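Enquirer: Sequence first, then the predicted structure:
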Amino acid sequence: MTIATETKGNPTAQQPSVAEAVAFDVNRIREDFPILHQTVHGKPLVYFDNAATTQKPKPVIQALSSYYETINANIHRGIHTLAEKATAGYESTREAVRAFINAPSTEEVIFTRGTTEGINLVASTYGRQNVTRGGEVIISTMEHHSNIVPWQLLCEEKGATLKVMPIDENGDIIFEEFEKLLSDKTQFVSVVHVSNSMGTINPVKQIIAKAHAFGAKVLVDGAQAAAHLHIDVQDLDADFYAFSSHKLYGPTGIGVLYGKKALLEAMPPYQGGGEMIKEVTFEKTTYNDLPYKFEAGTPNIADTIALKTAIEYINHLGKENIAQHENDLLWYATDALSQILGLRIIGNARNKISVVSFVMEGIHHQDIGIILDTQGIAIRTGNHCTQPLMSRFCIPGTCRASFAMYNTREEIDRLVAGLHKVVKMMK
């Protein structure tokens, strides 16, 4: 059982074989993550907040340190040795990203501060040019706030209408209802590849194909997908694809926006300043070529260089191997948590990544999180920046345990024991 593509990941499928589980040496991998080897409230740390941000392996930390110790310089404009080394490192990450998502060209790889900025860039540039009064933008019920608010702002500004794909009780998009929303008025669709709250893997390739049939362009929010799924933007035929480094075992403050070259060339700049220009006079400014037209100012050089190291780390282990391990954890956790009296899992989609959100009858999610923290167990509680999704299930929030390559079944056992303690204390 794997979750390496968007059509895999059913936690109710057959348990992975022992051979699959043993082949992935999680204990060896854990040695690469210094932060895991500490105690919290006197207990060994169990980190299950990976959907919020993943921890960083030693090679990534060393890449950051090495940059500042050996080649710290501004890029592109310097002719001295340090500037040339920094520029080469920065641009080598662009090529690594291109290969990671199978983009046709590095011209189509734009560095941003993260997924949120990538979405805002598209809404503010392509959206302002192409969404018109009377037009319609479609998103889904499970979107993160960062893929709701920019489109609300755009629709308010342009006099367009924001429409929402519904989901069913399992947390799957009701595809037939999405098809009914499509019309000649549809100008843009923006949809999350993987739900941060439920782990649902959406059929984005099919969504893109249906939207394109009506002439609409599509952005995919890949924040939760990039670390778990094989991403091929050409196979998906995505017009735009955005993701963040910090959910990919890389540093914070750096992200990627992929866009089709023809669309990016037609879009106006997002910000003005250095690097995004060719020539400036008081009368007129001409803009730089792609991708630099969208990269104004001194970028986040060190973290961009370290992102390449994170990608290399994932590639070395193999996404398929990581996916098998994570799906084993998903299967194991789903089965174990389902046996706790009064616990209800929110989001039982047919295809999921390693995220389990749940509520417990009569116990507030925040109380659960606080008690687990005293046991050294870090989970996420709240609405996970998906308030409309919580409203869909008539709940204020959930507890979310999200698993990564370095987590273990033994840690899940500790989570289950911690939840039994919660029940004993609160009831």
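Expert: Done, it's in. Residues are numbered from 1 along each chain as shown.

Enquirer: tell me the contacts of the most far-flung residue of the chain relative to its centre?
Expert: The outermost residue of the chain, judged against the average C-alpha position, is residue 283 (41.5 Å), by C-alpha atoms, centre = their mean. Listed by C-beta atoms under 8 Å, 6 or more residues apart in numbering, residue 283 has no contact partners. The C-beta positions use only the backbone N, C-alpha and C, and glycine is treated the same way.

Enquirer: any idea how far residue 268 is from it?
Expert: According to C-beta to C-beta, to the nearest Å, residue 283 and residue 268 sit 18 Å apart.

Enquirer: host element of the residue nearest the centre of the chain?
Expert: The chain has residue 223 as the residue nearest its centroid, 1.3 Å off, counting by C-alpha atoms, centre = their mean. Under the criterion DSSP states H and E, no helix or strand holds residue 223.

Enquirer: wait, what's in contact with it?
Expert: 114-115, 144, 192, 194, 196, 242-244, 247.

Enquirer: So it versus residue 114, what's the distance?
Expert: 8 Å.

Enquirer: same check, this time on residue 138
Expert: 23 Å.

Enquirer: the more surrounded of the two?
Expert: residue 138 (24 against 21; other C-beta atoms under 10 Å).

Enquirer: Could you tell me which residues make contact with the more buried one?
Expert: Contacts of residue 138 by C-beta under 8 Å, 6+ apart are 162-165, 178, 181-182, 186, 188-191, 211, 216.

Enquirer: let's go with 6 Å and repeat that
Expert: When contacts are counted by C-beta atoms under 6 Å, 6 or more residues apart in numbering, residue 138 touches 163, 181, 189.

Enquirer: Likewise for residue 171?
Expert: Going by C-beta under 6 Å, 6+ apart, residue 171 touches 198, 200, 347, 349.

Enquirer: Give me the secondary structure label for it.
Expert: Look at residue 171: counting by DSSP: H, G, I helix; E, B strand; the rest coil, its state is coil.

Enquirer: now it: how far from residue 364?
Expert: In terms of C-beta to C-beta, residue 171 sits 22 Å off from residue 364.

Enquirer: State the phi and psi torsions of residue 216.
Expert: Here is the backbone geometry of residue 216 (degrees, to the nearest 10): phi -90, psi 150.

Enquirer: count of residues packed around it?
Expert: With other C-beta under 10 Å as criterion, residue 216 counts 23.

Enquirer: Helices along the stretch 301-427 of the chain, start to end?
Expert: Along the stretch 301-427 of the chain, counting by DSSP state H, counting those that start in this stretch, helices occupy 301-317, 319-338, 365-374, 387-392, 409-426.

Enquirer: Name the helix or strand for the residue nearest to residue 71 when sequence neighbours are not counted, please.
Expert: Closest residue to residue 71 apart from its sequence neighbours, by C-beta to C-beta, 6 or more residues apart in numbering: residue 85 at 4.4 Å. Under the criterion of DSSP H and E, residue 85 resides in helix 81-101.
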